[in-house]
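In: Quick one, fold the following:
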Amino acid sequence: MSTKNPYTRVQPKTREPYTIVYLIRHANPEYSLEKKLGDAMMPLSSDGRLQAKALASRLSRLSIDTAYSSAIARAQETAAFFGNKQKIDIHVDPRLNEINWKDWRRVKYFKTSEERRKQRLPEYKVLDRQLDIMQAKTRRILADVFAKHKGERVALFCHGNIIKTLLTSIMNADVLGFLSFEIYQGSISKLVIDRDGYVKISFINDAHHLPAYPEEDIFITLKD
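Out: Numbering: from 1, shown residues only. Purely as a prediction, here's the structure:
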C-alpha cells in the first residue's frame, strides 16, 4: 500500500527561512472611561493589566525579534508590558488601528444554509464589499512586515477586527465568515510564512496564558 501523501501534487513547496507573525489582541480596557476619554485613549483595566503581564510572560518565551503596535492606547499599553520585560522597542503603525465597524456592530448571523444566511442579512453585499477593501489593506500590512522582517519572529499588537479581517483574507472567507468567530482579548494567533510568501495559519485565539480563560459564552464579549 502506497504511503505517498495524496496532497503532494497540489501542495506548494515550502522553503525556509520561515517568518513567524504573532497577531495579538490587546488586553481588556477600562470601558467605563470610554465616554470620558474616547475610544482611542481608553487605558487597560485592572484585569487588563494582569492579562498584559501574563501575555508578556508568554511572549518572552517565543524569541520575538520585532514588535509593532497600533496607535491606540489599549494596544500600546499591552505592548509596553512586553517591551519593558524584553527591553525591545515597540514600533507604532497606525495601519494596525481598530477598524470602526459601526455598521457591523450587533449584526446577527444565522445557523442555516449559506444562501439563507445571505438572504437574512440584507446588508450582505455592502458589508462584503467593505470587508474586501479592508482585507486588501491588511494583506498590504502583512506583505510589508514580511518584506522588512523575512526570517524573523514579529509580534503585532492590534485589535479584534483587524485580526479577523486578516485571517478571513487568508482563508478567502466572506463577511459571513468574519461575523462567525470571535478573537479574545489578550489572545495570540500565529501565522507562518515561507521564503516565497506562502502563508499558513498555525493557530488562532490561544488564550491559555491568561489568568482567567475568557467566557465561553462569547456573545457577551462582542466589544472592540
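
In: what number of residues lie near the residue lying closest to Gly83 once chain neighbours are set aside?
Out: The shortest distance from Gly83 to any non-neighbouring residue, by CB to CB, 6 or more residues apart in numbering, is to Ile90 (4.5 Å). For glycine as for every other residue, the C-beta is placed from the backbone atoms N, C-alpha and C. Neighbour count for Ile90, taken as other CB atoms under 10 Å: 18.

In: swap in Lys150?
Out: For Lys150, using other CB under 10 Å, the count is 13.

In: which residues are contacting stretch 204-211?
Out: With contact meaning CB atoms under 8 Å, 6 or more residues apart in numbering, stretch 204-211 is reached by 47, 50-51, 54-55, 57-58, 167, 181-184, 186-190, 213-214.

In: Now it - C-alpha only, PDB.
Out: Extracted in PDB, the C-alpha atoms of stretch 204-211 (Å, rounded to 0.1, in the frame of the first residue of the first chain):
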ATOM      1  CA  ILE A 204      -6.000  31.100  16.300                       C
ATOM      2  CA  ASN A 205      -7.100  32.600  19.600                       C
ATOM      3  CA  ASP A 206      -4.700  30.900  22.100                       C
ATOM      4  CA  ALA A 207      -5.600  32.400  25.500                       C
ATOM      5  CA  HIS A 208      -4.300  29.700  27.800                       C
ATOM      6  CA  HIS A 209      -1.700  32.000  29.300                       C
ATOM      7  CA  LEU A 210      -4.300  34.400  30.700                       C
ATOM      8  CA  PRO A 211      -5.100  34.500  34.400                       C
END
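
In: Out of the contacts of stretch 204-211, which sit inside helices?
Out: Using DSSP state H, the subset of the contacts of stretch 204-211 located in helices is Asp47, Leu50, Gln51, Ala54, Leu55, Ser57, Arg58, Leu167.

In: Kindly present these as a markdown table, with separate columns for pLDDT.
Out: Shown next, in a markdown table, are these (pLDDT from 0 to 100):
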| residue | pLDDT |
| --- | --- |
| Asp47 | 94 |
| Leu50 | 97 |
| Gln51 | 96 |
| Ala54 | 98 |
| Leu55 | 98 |
| Ser57 | 98 |
| Arg58 | 98 |
| Leu167 | 97 |
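
In: okay, among those residues, which ones form the most distant pair?
Out: Spanning the widest gap among those are Leu50 and Leu167, at 26.2 Å by CB to CB.

In: Between these two, which has more neighbouring residues?
Out: Counted by other CB under 10 Å, Leu50 and Leu167 do not tie: Leu167 has more neighbours, with 22 against 17.

In: correct me, but that one touches Lys190?
Out: No - taking CB atoms under 8 Å as the definition, Leu167 is not a contact partner of Lys190, at 10.8 Å.

In: who touches the residue nearest the centre of the chain in this structure?
Out: Compute the mean C-alpha point of the chain, and by CA atoms, centre = their mean the closest residue is Ile163, 2.4 Å away. For Ile163, the contacting residues are Leu23, Arg25, Ile183, Ser189, by CB under 8 Å, 6+ apart.

In: which residues does the last one bridge with?
Out: Here Ser189 shows beta-bridge partners Leu23, assigned using DSSP bridges.

In: which residues touch it?
Out: Tyr22, Leu23, Ile24, Ile163, Leu167, Ile183, Ile201, Phe203, Ile204, Asn205, Asp206.

In: and the lengthiest helix in the chain, what does it pack onto?
Out: Taking DSSP H as the criterion, the chain has its longest helix at helix 124-148. The contact analysis (3 or more CB pairs under 8 Å, 6 or more residues apart in numbering; DSSP states H and E) places helix 124-148 against strand 19-25, helix 160-170, helix 175-179, strand 188-193.
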